[in-house]
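[1] Would you be able to build a 3D model of this:
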Amino acid sequence: MVKAVTSPNNTFALTIDPDSIAVISKKPTTTHGPMTTRRPTTAQVHSTDGPTSTSQVSPTHGPTTSPPPVVILSATLEEPFVEEFNDVNSEQYKALETQVVTTCDIIYRARFGFIFIRTYVIQIIRAVVITRMDNTRVDVGLEFVDTASTPQDDLIVSTLQETLGQPNNTFNISIAQNSVQVLQSPHKANSTTPKPASTTKKAALTPLQLTIRTLRFTSVGETFISDLLNQSSVAFIARALMMKTTLEPFYSSAFSSFNSLRVTSFSNGSIINNMNLRFISGSVPNNTAIGQVLIDAAPNITAFNVDVTSIFVNGMQVSSGASHKTSIITASCLALLSWLLSSQH
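    Down below sits the predicted model:
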């Protein structure tokens, strides 16, 4: 060691005082008899002043931390179930997972602050409902700091219902209000004594029946980027939120039966915007009226472009009255010009 560190050609990146180098020896332990495995809870303590005594010695462990309590929450999304949701590695599964986790994190952190830790998706499955279209059920785990601070089940349910039930909420996700329920929680596990029935009658929650109308229009002159194909991308989320917050006030003021708007996709062709509009069933406006709201609002929209000749509601094109009149005037002018030219010959 001394020779190595004192050599002028050594390549060590440190300097050692040769006089400080010493070997510290330790007396080897002598083992008498065969080696045996000693139980961790009992040790033999030998005393030179008296007979051998046996004492209990507790094993030493590192600090232990209990896993955070989890509330398992289930809800049915107004999202058509696709077979790709059966594959946790699919783009569709990952996109919806990100959307659900982001939404729940924002909602519960805003409501419960530091006592809420995080959300994670447990499963995405087909909802068992009798409708013409299968919706999607999502079960999530909500982690809290400790059992004592974990909110009551009904508060967790109502927080999600009330936030997503607001017509002007900025989340690009919709749920069936009566589908939200707590499947498991610390309160359910620890509750052994049934609570007495409340003497106060609560109003029955009537499921809100909604009807969906699809809306599609083109933003001419805007550049499409591939990130808009990915629902979990920053570009998609930002544009979807911008369109939701811009268009919902127009529909809310036009129709009392309007519930919410949800952007579903973007496609290439400048930018083609696709979305679902939800109305209370039994009071759904016709396709022309829905399209006319967008036509009337277009001159006042500066966040994005609306080509009023490209508006489709439920697959039916809704023409702009202004564009239609312009076309008639243009056609009349062309006919007059043609007549004048022909009369000169």
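
[2] Report the separation between V263 and P249.
    As defined by Cβ to Cβ, to the nearest Å, V263 lies at a distance of 15 Å from P249. Any C-beta I mention is one placed from the backbone N, CA and C, and that applies to glycine too.

[3] And for S179?
    In this structure, S179 and P249 are 27 Å apart, going by Cβ to Cβ.

[4] Tell me which of the two has more neighbours.
    When neighbours are counted by other Cβ atoms under 10 Å, S179 and P249 differ, and S179 comes out ahead with 18 against 12.

[5] helix/strand/coil for I122?
    Following DSSP: H, G, I helix; E, B strand; the rest coil, we place I122 in the strand state.

[6] ok, now which ones touch the residue nearest to it when sequence neighbours are not counted?
    Residue nearest to I122 in three dimensions, not counting chain neighbours: D139, with 4.4 Å by Cβ to Cβ, 6 or more residues apart in numbering. Taking Cβ atoms under 8 Å, 6 or more residues apart in numbering, we find D139 in contact with I72, L73, S74, V121, I122, Q123, I125, L183.

[7] How many neighbouring residues does the third one have?
    Looking back up the chat, that one is S74. Under the neighbour criterion other Cβ under 10 Å, S74 is assigned a count of 19.

[8] That one: which element?
    Under DSSP states H and E, the secondary-structure element containing S74 is strand 70-77.

[9] ok, now A235?
    helix 234-254.

[10] Skip ahead from that helix and say which helix or strand is next.
    Elements were assigned by DSSP H and E; along the chain past helix 234-254, the next helix or strand is strand 258-268.

[11] From the rest of the structure, what touches that following strand?
    Here strand 258-268 makes contact (Cβ under 8 Å, 6+ apart) with 78, 167, 169, 172-174, 208, 210, 224, 228-229, 231, 236, 239-240, 243-244, 247-248, 251-252, 272-280.

[12] name the helices or strands packed onto the helix or strand just after it?
    Counting by DSSP H and E, the next helix or strand C-terminal to strand 258-268 is strand 271-280. Judged by 3 or more Cβ pairs under 8 Å, 6 or more residues apart in numbering; DSSP states H and E, the packing partners of strand 271-280 are strand 210-219, helix 234-254, strand 258-268.

[13] In JSON lines: these, plus distance to F144.
    Output for the helices and strands packed on strand 271-280, formatted as JSON lines (distance: least, Cβ to Cβ, whole Å):
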{"stretch": "strand 210-219", "distance to F144": "32"}
{"stretch": "helix 234-254", "distance to F144": "26"}
{"stretch": "strand 258-268", "distance to F144": "29"}
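
[14] for the ones you listed, which one sits closest to V308?
    Ranking the helices and strands packed on strand 271-280 by distance to V308, with Cβ to Cβ as the measure, places strand 210-219 first at 7.9 Å.

[15] for that closest one, packing partners?
    Taking 3+ Cβ pairs under 8 Å, 6+ apart as contact, the helices and strands that strand 210-219 lies on are strand 271-280, helix 287-297, strand 312-313.

[16] Quick one: closest of these to Y93.
    Closest to Y93 of the helices and strands packed on strand 210-219, according to Cβ to Cβ: strand 271-280, at 20.3 Å.

[17] Could you export the closest one as PDB, CA atoms only?
    Taking C-alpha atoms only, strand 271-280 is exported to PDB below (Å, rounded to 0.1, in the frame of the first residue of the first chain):
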ATOM      1  CA  ILE A 271     -58.000  20.400 -38.300                       C
ATOM      2  CA  ILE A 272     -61.300  18.500 -38.200                       C
ATOM      3  CA  ASN A 273     -62.900  18.700 -34.700                       C
ATOM      4  CA  ASN A 274     -65.200  15.900 -33.500                       C
ATOM      5  CA  MET A 275     -67.200  16.200 -30.300                       C
ATOM      6  CA  ASN A 276     -70.300  14.900 -28.400                       C
ATOM      7  CA  LEU A 277     -73.000  17.200 -27.100                       C
ATOM      8  CA  ARG A 278     -75.300  15.900 -24.400                       C
ATOM      9  CA  PHE A 279     -78.800  17.000 -23.800                       C
ATOM     10  CA  ILE A 280     -81.500  16.000 -21.300                       C
END
